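**Student:** Provided below for reference: sequence and predicted model.
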Amino acid sequence: MRIFDPHIHMYARTTDDYEAMALAGIEAVIDPSFWLGSARHYAGTFYDYFEHLLGYENERAAMYNISHHCTLSVNPREANDLALANEVLERLPEYLSRPRCVAIGEIGFDRQTEAEEEIFRKQARLGRDRDLLLLVHTPHQYKRLGVERTLKILAEEGVEQRRVLIDHNTEETMPLFAGTEYWVGLTVYPVTKLSPERAVNIARQYGLERLIVNSSADWGPSDVLSVPKVAHLMLKTGFSRVEVERLVWENPIRFYSQSPNFAVPVGAEHLAASRRPSLLEGVREGVR
């Protein structure tokens, strides 16, 4: 089975992880910009990080036959140093047009401060004006309030819904997407996010249309094999192979194929045209 992890921070992972991922069937990854575990103090450290994702990390993944793309941004956790964040945003556009950068992200909220909202709005406008995809982070605490605030801001900024992936959702936030065209992400991550069982139950309840599952593996106690484990559990609990492949392979390709910088994996060209129906159009559509 072909597997795509559309949100995994490979900067934080070892070559052993790449080997395990390749053996588990992972053929493609998206590597979003994120907080590095300690605060940056200079704009140049952001630019070096962007260059790493665009260059060396892509080369490292290729050694294991894994297709690597990235998304670039000022991460929500880094937005609270407004002077530094605004300095980085001055040069961010020159990186967004580079090959294999497929979206602005992660953007959104962490602690839901006014500074985070300012930088979120600026990057949302940048995406809107340049017709770029957006990858949106939702906060760990007060998540429903954070998602409600996120949706309000995206609407106010006039961002096209089908070009936005809102990630790290849980059972309490899924109903907020009824009647929308947003892509909705589920993150399978020990302790702080979803278990494979919870992710599979959400897929069963809400259907697979415009749904994406990822590991978000980084510095914490995360698992680079979260997506293969979800696929295995889905097969074990009654989903068909076609349905599982739709979630773990086809859906992320359909979303990211909206970006001209996305190199569609060999053999998946037929998936490049994104479909438009609402996520919640027909509960359990296509799901056993």
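**Tutor:** Nice, I can see it. Numbers count the residues shown, from 1 in each chain.

**Student:** ranges for the helices of the stretch 101-250 of the chain?
**Tutor:** Counting by DSSP state H, counting those that start in this stretch, residue ranges of the helices within the stretch 101-250 of the chain are 114-130, 143-156, 196-206, 226-236, 241-245.

**Student:** now render the ones you listed as CSV, adding distance to residue 186.
**Tutor:** Quick note: C-beta positions are derived from backbone N, CA and C, even for glycine. Output for those, formatted as CSV (distance: least, Cβ to Cβ, whole Å):
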stretch, distance to residue 186
helix 114-130, 21
helix 143-156, 13
helix 196-206, 5
helix 226-236, 8
helix 241-245, 14
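
**Student:** what's the most buried one of the ones you listed?
**Tutor:** Among these, judged by mean count of other Cβ atoms under 10 Å, the one packed with the most neighbours on average is helix 226-236 (a mean of 21).

**Student:** could you say what helices and strands that helix packs with?
**Tutor:** strand 3-5, helix 196-206, strand 211-214, helix 241-245 (3 or more Cβ pairs under 8 Å, 6 or more residues apart in numbering; DSSP states H and E).

**Student:** closest to residue 132 out of the ones you listed?
**Tutor:** strand 211-214 (17.7 Å; Cβ to Cβ).

**Student:** list the contacts of that closest one.
**Tutor:** With contact meaning Cβ atoms under 8 Å, 6 or more residues apart in numbering, strand 211-214 is reached by 5-8, 165, 167, 183-188, 199, 203, 226-227, 230, 247-248, 251-252, 255, 279.

**Student:** among these, which ones are buried?
**Tutor:** 5-8, 165, 167, 183-188, 199, 203, 226-227, 230, 247-248, 251-252, 255, 279 (16 or more other Cβ atoms under 10 Å).

**Student:** you'd agree residue 37 is up against residue 78?
**Tutor:** No - the criterion here is Cβ atoms under 8 Å, and residue 37 misses it with residue 78 at 11.5 Å.

**Student:** more neighbours: which of these two?
**Tutor:** The residue with more neighbours, out of residue 37 and residue 78, is residue 78; 21 against 9, by other Cβ atoms under 10 Å.

**Student:** phi, psi of that one?
**Tutor:** phi -90, psi 0 (degrees, to the nearest 10).

**Student:** now do the contacts for it.
**Tutor:** Contacts of residue 78 (Cβ under 8 Å, 6+ apart): 35, 39, 40, 84, 85.

**Student:** apart from its neighbours in sequence, what residue is nearest residue 172?
**Tutor:** residue 144 (5.0 Å; Cβ to Cβ, 6 or more residues apart in numbering).

**Student:** again, but for residue 192
**Tutor:** Residue 192 sits nearest to residue 140 (Cβ to Cβ, 6+ apart), 6.3 Å away.

**Student:** from residue 44, how far out is the one you found?
**Tutor:** 29 Å (Cβ to Cβ, to the nearest Å).

**Student:** pLDDT value on residue 83, please?
**Tutor:** With respect to pLDDT, residue 83 scores 98.

**Student:** what mean pLDDT would you report for stretch 185-197?
**Tutor:** 94.

**Student:** now do that stretch: everything it contacts.
**Tutor:** By Cβ under 8 Å, 6+ apart, stretch 185-197 touches 6-7, 140, 165-170, 199, 202-203, 211-217, 220-223, 226-227, 229-230, 233.

**Student:** can you give me the end-to-end distance of stretch 28-44?
**Tutor:** End-to-end distance for stretch 28-44: 29 Å, by Cα to Cα, to the nearest Å.

**Student:** give the buried residues for it.
**Tutor:** 28, 29, 30, 31, 32, 33, 34, 35, 36, 40, 43.

**Student:** lowest-confidence entry in these?
**Tutor:** Pick the lowest pLDDT in those and you get residue 36, at 84.

**Student:** residues contacting the nearest residue to it once chain neighbours are set aside?
**Tutor:** For residue 36, ignoring the flanking residues on the chain, the nearest one in space by Cβ to Cβ, 6+ apart is residue 49 at 7.2 Å. If you count contacts by Cβ under 8 Å, 6+ apart, residue 49 has them with 11, 33, 36.
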